[in-house]
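*Asks:* sequence? don't have it. structure:
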């Protein structure tokens, strides 16, 4: 599979419980002016291009073994790397970074951090199950 197909599979397979949490998050943060919708062209097939979206992740960089995506907001910027080892292509890694800008970013991250690892791990596992079913 291409790195594009891998990234799409991982970024579009949130568990049902995480979808409910995201809906709750959107309801709670809207009064604070935080983004709840993401505008842009969704990357549907073929090679991902910087500026396109996969779900709510904006693509910033793409090469044959990595897609770097995320977004910037007033309270924080975040990035997610989906990386495949060039020497061991069966190895797939996901890593996240967050840069907080203000008290709202610090508070937001404090609240979501306990769920963050579970959501990322679940999305990676769900994406991998989806990949193995289609291959």
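*Replies:* Perfect, I can see it now. Note that the structure is a prediction, hence the values are computed from the model and not measured.

*Asks:* So which bits of the lengthiest helix in the chain are buried?
*Replies:* Ranked by residue count and defined by DSSP state H, the top helix of the chain is helix 103-134. Buried residues in helix 103-134, counting neighbours by 16 or more other C-beta atoms under 10 Å, are found at 104-105, 108-109, 119-120, 122-124, 126-127, 131. In short, each C-beta sits where N, CA and C put it, glycine included.

*Asks:* Among those, find me the one that's closest to residue 98.
*Replies:* residue 109 (5.9 Å; C-beta to C-beta).

*Asks:* Please report the distance of the closest one from residue 77.
*Replies:* Residue 109 sits 11 Å away from residue 77, going by C-beta to C-beta, to the nearest Å.

*Asks:* shared neighbours, those two?
*Replies:* Shared contacts of residue 109 and residue 77 (C-beta atoms under 8 Å, 6 or more residues apart in numbering): residue 98.

*Asks:* ok, which stretches of this structure are helices?
*Replies:* So, for the chain - with DSSP H - the helices run 3-11, 16-29, 103-134.

*Asks:* And the longest one, how far out from the chain middle?
*Replies:* Centroid displacement of helix 103-134 relative to its chain, using C-alpha atoms, centre = their mean, to the nearest Å, is 8 Å.

*Asks:* just checking, what packs against that helix?
*Replies:* helix 3-11, helix 16-29, strand 76-84, strand 92-100 (3 or more C-beta pairs under 8 Å, 6 or more residues apart in numbering; DSSP states H and E).
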